[in-house]
Structure formats: C-alpha cells, structure tokens
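K.L.:
coords please:
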Amino acid sequence: MTSTLIRPTAPVERQAAPTPVLAYRPALDGLRAIAVLAVIGYHIDLPGLRGGFLGVDLFFVLSGALITALLLLEHDVRGRIDRVRFWSRRARRLLPAVLVLIAVVVPFARADIGIRGDALATLGYAANWRFAVQARSYFAETAAMSPLNHMWSLAIEEQFYIVWPLVLGVLCRRSRRLLVGAMVALAIVSVACLAWLFVTADPSQAYYHTLARIHEVVVGALAAVILIRTSQRAARVRAAARRLLPAAAGVVVAAMALVGDATATYYLGGSLLFSIAVAVVILGLEDDGPNLVRRALSSRPLVWIGTLSYGLYLWHWPFVVLFRRWHLQGPVLGVAVTVAATVAAVLSARFVERPVRDGVIRGVELTSRRTLTAATAAIVGIAGVVVAATPAHLQPAWTQAVAGDPTVVVAAPAAHEQPDLTTHDRAAAESTPGGGGAPGPADDLPARARPPLVVGVVGDSAAASMLPGIAQAAERRGDQVVSVAARGCPMIPVWQLDEDGHSLNYSQECRLHVQTAFAELVEGHDPDVIIWYSGRDTQTRFMVGGRMAAPDEPRHTAEVRRGFGLAVDQLTSGGADLVIMRALPRHGSTVTRCDRPPARGVNWCDDVDRFVGPTGQNALYEELARRDPDVTLIDLAGLVCGSGPVCDDAMTEFERWRSDLTHFGGRGAERIGEAIVTEALAESGNL
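P.N.:
Predicted coordinates:
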C-alpha cells in the first residue's frame with residue numbers, strides 16, 4: 001500500500017540533501033496486485049483461494065520493507081529522520097481516501113449496529129483494537145459484518161508508521177547490529193503473542209492484535225536492512241534470495257491457495273514462515289539479471305492493478321457487504337464487486353489521492369505543517385459529522401433487541417402502586433374467573449383487583465419477538481414490562497463460535513450483556529415475575545476451557561447447566577417468580593420426535609430441534625424447576641404446533657404463528673405474548 005524501492009548500489013555519503021526518493025520497481029506493484037486480488041477473491045469466496053486472507057500479510061511485509069528502507073536511507077543521507085515530514089507524507093497518501101470512504105459509507109450504514117464506533121475507531125486508527133475487544137470475527141458471515149471491518153489492517157499500518165520512525169531514530173544512533181537485534185527480538189515476541197492469544201483467548205483477538213501481527217511488518221523491515229547494507233554478509237543473503245526466488249514465490253502462491261483461515265498452523269508459526277517467504281521474494285526481485293518472476297509481476301495488467309491496490313482494498317469490502325445483503329452470490333457477486341470496486345478505486349485515485357499526494361492543491365503547497373494541521377481538522381470534522389449522523393444507541397425493535405442497548409421499558413404505568421379502582425372496576429374484578437389456558441383477544445380479559453406488577457422478559461430475539469403481545473397484555477392489566485431480551489444472546493455468558501471455531505461477531509457484546517443486564521433488571525426494576533424464553537442455549541457452539549464445544553458434547557451440556565443455574569440464582573435473587581417457557585419446536589418439525597424420548601428406530605429432528613428435546617434444553621429446564629421452587633415451567637407447544645405430529649404453526653387457515661422458523665410476527669406475536677403473560681401470571685399466582 002506504499003511506494004516501491006531499489007537497493008542503492010553503493011554507500012551513500014552523509015550530506016545535507018533532500019529526502020531520498022526510492023526508485024520505482026514495477027514488479028513490486030505487481031506484488032501488490034497479487035495481494036489485493038487474493039484478499040478480494042477470498043472475500044467473494046473465489047474457489048482456490050482458501051488462504052486469500054494472506055494478502056493482508058503480504059501487504060504488511062511489503063510495507064515494512066518499503067517504509068524501513070525509506071527511513072534508513074534518509075538517515076544515511078541526512079544523518080537524521082525528519083519525522084514530521086514522514087508523517088505528513090503518510091497523511092497525504094492515506095488519509096484523503098479514508099475520509100471519503102467514511103463520508104460515503106456511514107450515511108448508508110447509519111442503522112448498522114456499532115457503525116458510529118467503527119467509523120470513529122477508523123478515524124483514530126484504532127479499528128483493530130475495537131474489533132479485538134469486541135471479539136469480532138474476521139472470518140464470520142459477511143452480510144452481518146460492518147462495512148468498515150477491513151480497516152483493522154490500515155490501523156495496524158498507521159500505528160507502525162507513527163511509532164517506527166521514533167524507534168529507528170533512536171536505534172540508528174547506535175549501530176545497525178543493535179537495530180537488527182531489536183527487530184529480531186520484536187519479531188519473536190510478536191510470534192509468541194500470536195500463538196499465545198490463539199491458544200488461550202479467541203482467534204479474532206489474535207488476528208487483530210497489533211503486537212501479534214507486527215512480526216510481519218518487522219520481517220519486511222529486516223529485508224530492508226539487507227537491501228541497503230553493503231556488507232559481504234548482506235550480499236550473500238541477497239544472492240541466496242535470488243536463487244530461492246522461484247521457490248519462495250511458489251510458497252506464497254500455494255499458501256494463498258491452500259491455507260485455511262481456521263488452520264492452527266498459521267497462528268503457531270505459519271504466519272512467520274509466510275512472511276519470510278514474502279521477504280525472500282522482495283529481495284529476489286532486486287536482481288537485475290534474467291528473472292521470470294519479476295517479468296511476470298511487471299506485466300502491465302498487474303502493475304495497473306497494483307497502482308490501484310490501496311483504493312481497491314478500501315472500497316471492495318463495503319461493496320461485498322452491501323451486495324451480500326442484497327443476496328448476491330457466486331459469479332454475480334464476484335463481477336459486481338470487481339466492477340464497483342474498480343470504478344471507485346479509479347475515481348478515488350484520479351480525483352482524491354493523486355491531487356493531495358502531489359503536495360500542491362490549486363497552487364498552494366502542502367507543507368508538512370499545513371498537511372498535519374489540515375489532516376487533524378479533517379479528522380475532527382468528519383468525526384463530528386459521524387457523531388451527528390448516527391444514533392448513539394439503536395433502539396431495539398420488537399423482533400430485534402440488541403445486546404448492550406439500554407433496558408427496554410415496553411409498557412410502563414406506575415408499577416408497585418395500588419391503583420384507584422372505581423366501584424365498576426371492583427365489580428368487574430370480583431366477577432373475573434380464574435384459570436389459565438390460551439386466551440382470546442385482550443379485550444375479553446377484564447383487569448384484576450391487585451397492585452400493578454413489574455414483569456421482566458429475558459431471552460434472545462425469539463423472546464423479543466413476543467413483546468408486542470406481552471406489552472398489550474401488561475398494559476391492559478396495568479402492569480409494567482421491562483425487557484432485556486437481546487438478539488443472538490443465550491442466557492449464559494460464553495464465547496459463541498461458528499462451525500469453524502471463529503467467534504461470532506456479537507459474542508463479546510452478548511457476554512457483556514448477560515453479565516450486566518440481569519443485574520440491571522433485578523436491582524433497577526425489582527420485577528415480580530420474570531418470563532424466560534430462549535432458543536439459542538443448546539444450539540450454538542461455545543468456547544469451553546479454551547476449546548470449541550459442540551451442542552452434542554458433554555462439556556457443552558455441562559456449561560449450559562452451570563450457566564442456567566447461575567442465571568436462575570441471579571434472576572430470583574430479588575424475590576421474583578421465574579417462569580420459563582419450554583422451547584418450541586421449529587416450524588415443520590416433528591413434535592413427537594422432538595419433545596419425547598426417541599423410541600428405538602425413530603429418527604430425531606434436525607440438528608437444531610433435537611437439542612430442544614428430552615436430553616437438551618427442555619430437559620435442563622426441568623432440572624431447574626425440580627431444584628428451585630421459584631422456577632415454574634409453562635408449555636405452549638400445543639397452542640403453536642397444534643395436535644398433529646408436525647408443528648404446522650397454523651394460527652388460522654391463512655396465518656402462521658411465526659414469521660420464520662423461530663420468531664413471532666404480526667398477530668402471532670400479539671397472541672403468543674398474551675398467552676405467555678396469562679400463563680406466567682397464573683402459574684406464579686399473580687393473575
């Protein structure tokens with residue numbers, strides 16, 4: 001993503017001279033093209049590019065080599081490194097396109113969860129730390145990702161650009177041997193950090209962590225030292241690199257084709273080996289003799305793509321996210337992303353990047369101080385626009401409550417206060433029959449003569465989808481409903497993983513939500529009754545003891561059982577009655593096979609529904625009810641699924657209870673909410 005270099009052929013004399021400019025090598029632009037094409041191919045699921053994510057590693061090594069060579073040459077020529085001048089050049093090169101990207105992306109993605117924080121972290125070159133703290137997976141489902149998720153790599157590069165001139169300025173005053181030793185030590189620490197984070201924490205934290213990734217940049221920096229040194233040892237290394245160039249290029253290509261993103265080898269030393277192979281390629285390309293690899297990388301198409309690599313990288317990812325949300329896939333997705341990203345990159349290079357990079361705009365020279373002043377003002381200005389244009393917190397919708405959002409008060413009369421009942425109200429209340437069962441419309445249920453209650457709701461998006469009916473039922477009875485149900489969140493604070501072992505994008509938010517929301521509900525609202533409904537707890541892979549646990553493993557069941565017990569203790573700590581609604585089979589599932597012990601020779605339901613069955617979530621609920629007198633179970637499978645062996649979800653001839661396989665919508669949400677409240681209050685003795 002930076003300029004290209006050629007090694008000086010002789011020592012340079014220290015003198016008062018302008019900052020040296022590295023000579024142009026077309027092959028290095030070709031190498032950039034390989035890197036950006038690999039990344040784009042990986043993101044559009046191009047066959048044969050399992051390791052396309054390694055294109056970012058290639059960029060890191062190349063940037064480390066080019067930037068370090070530039071700084072070392074400047075120190076050799078001028079006797080010092082002009083840090084302000086270097087930073088201003090980097091700002092002119094990288095910042096304008098980023099500002100335009102944010103100005104375009106944020107308005108279109110303003111409703112995305114966390115887009116404000118992503119944009120501000122991008123402007124502050126701290127995106128990788130934000131994503132690492134959130135355990136946001138680089139490898140998860142694209143459509144659910146932020147359109148700024150790719151800015152993590154630019155953040156690491158910018159952190160390197162800020163710190164590295166300071167480090168070199170100190171070490172170059174000593175000796176090159178000390179410089180090389182410090183680089184080697186930093187690379188070793190970085191590789192160890194990557195392996196340690198992968199083994200002990202989460203792969204996403206390892207992937208985004210600056211220290212865990214900096215060895216790739218440092219390997220490039222070591223290559224730069226070899227390039228500009230004139231010692232016999234450096235010459236021998238360069239000669240060896242020329243001989244190994246075809247093999248090293250083959251290793252790079254093979255890794256991009258074969259190394260999977262979940263491969264432990266990558267995190268346990270493979271990243272270092274790949275970086276060394278890239279460094280050998282960079283060193284080998286400096287040979288002026290016959291060189292097939294250099295000739296191939298210097299071809300016009302690759303060089304042209306390489307000159308646009310920065311813009312292609314910036315713009316391809318938002319288009320990938322957008323087009324996947326439009327459900328494009330396969331070749332159509334590939335063509336759409338390629339065309340859109342190329343057009344955006346060409347326009348960015350022509351009208352944004354080159355005019356600013358040249359250092360003169362409308363006759364005004366962009367000196368170092370002017371550049372840094374303008375850059376600071378632009379960052380602050382765009383940050384202000386981002387804050388003004390995006391909501392601080394997205395308010396949860398009925399079917400899409402979001403982890404981390406404030407507690408949602410759905411219906412809020414004056415709870416815990418005795419209402420002033422009229423004579424007519426008392427007469428109506430006294431004539432109200434008791435009992436449960438599936439109710440009719442809300443208007444058919446007269447109010448009871450009792451103090452208003454606070455009804456809490458916990459669970460995932462399936463619970464949130466019932467809130468319209470729960471709110472109506474509560475409002476009709478004069479009660480208050482407080483919901484902390486959150487999309488995608490189980491009832492236990494665990495790392496949720498996909499089938500490849502990658503952390504789900506919302507895993508960290510869910511862990512924090514479960515750890516805080518239950519306490520907020522109990523301590524801040526003092527509920528009388530808490531309704532629990534969740535379908536995720538036995539259906540998602542978890543990180544248990546540093547390893548992935550699948551739903552059918554004993555470790556997984558033990559973790560859910562332990563988490564359920566802690567949740568019950570916390571939710572009932574204030575004296576609330578806890579009513580758990582048994583998990584429902586999905587639409588179209590065979591009810592008898594899911595909800596009853598399977599007979600010999602009887603097949604179970606699909607992998608989702610079978611964990612709701614007798615050895616799964618409902619069985620654990622029954623354990624809780626037997627253990628704790630404050631826990632009551634209710635079952636509405638008969639209401640939703642009917643009496644047949646298959647859960648038909650038929651509310652009427654033309655209406656289904658659930659809008660999809662899991663969530664309630666429309667009249668189904670209203671009726672199921674009313675039914676839950678009626679059953680919950682009846683079973684807890686509060687009707």
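K.L.:
where along the stretch 251-400 of the chain do the strands fall?
P.N.:
Under the criterion DSSP state E, counting those that start in this stretch, the stretch 251-400 of the chain carries strands at the ranges 360-361, 364-365.
K.L.:
May I have the strands that pair with the first one, each with its orientation?
P.N.:
In the sheet, strand 360-361 lines up against strand 364-365 (antiparallel) (DSSP bridges).
K.L.:
what distance separates the strand it pairs with from the centre of its chain?
P.N.:
41 Å (Cα atoms, centre = their mean, to the nearest Å).
K.L.:
And for stretch 323-333?
P.N.:
What separates the centre of stretch 323-333 from the centre of its chain is 20 Å, taken as Cα atoms, centre = their mean.
K.L.:
quick one: which of the strands of the stretch 251-400 of the chain is nearest Gly616?
P.N.:
Gly616 lies closest to strand 360-361 among these, at 64.8 Å (Cβ to Cβ). For glycine as for every other residue, the C-beta is placed from the backbone atoms N, C-alpha and C.
K.L.:
mean confidence score for the closest one?
P.N.:
The average pLDDT for strand 360-361 rounds to 73.
K.L.:
Any chance you could list what contacts that strand?
P.N.:
By Cβ atoms under 8 Å, 6 or more residues apart in numbering, the residues outside strand 360-361 that reach it are 355, 366.
K.L.:
can you do 10 Å?
P.N.:
355, 366, 370, 374 (Cβ atoms under 10 Å, 6 or more residues apart in numbering).
K.L.:
Do a quick rundown of the strands in the stretch 551-687 of the chain.
P.N.:
Using DSSP E, counting those that start in this stretch, strands in the stretch 551-687 of the chain cover 577-581, 631-634.
K.L.:
tell me the most buried of the ones you listed?
P.N.:
strand 577-581 (a mean of 25; mean count of other Cβ atoms under 10 Å).
K.L.:
Enumerate every residue touching Arg243.
P.N.:
Per Cβ under 10 Å, 6+ apart, neighbours of Arg243: 280, 284, 287.
K.L.:
mind running it again at 8 Å?
P.N.:
So Arg243 contacts nothing (Cβ under 8 Å, 6+ apart).
K.L.:
Wait, a helix at it?
P.N.:
Yes - counting by DSSP: H, G, I helix; E, B strand; the rest coil, Arg243 is located in a helix.
K.L.:
That one and Gly250: what is the separation?
P.N.:
Distance of Arg243 to Gly250, given as Cβ to Cβ, to the nearest Å: 13 Å.
K.L.:
again, but for Gly181
P.N.:
Using Cβ to Cβ, Gly181 is found at 31 Å from Gly250.
K.L.:
Include distance to Asp528 when you put the strands of the stretch 251-400 of the chain into a markdown table, please.
P.N.:
Below are the strands of the stretch 251-400 of the chain laid out as a markdown table (distance: least, Cβ to Cβ, whole Å):
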| stretch | distance to Asp528 |
| --- | --- |
| strand 360-361 | 66 |
| strand 364-365 | 69 |
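K.L.:
So which of the ones you listed has the densest surroundings on average?
P.N.:
On a mean-neighbour basis (criterion: mean count of other Cβ under 10 Å), the most buried of the strands of the stretch 251-400 of the chain is strand 360-361, at a mean of 11.
K.L.:
tell me the pLDDT at Asp425?
P.N.:
What the model reports as pLDDT for Asp425 is 41.
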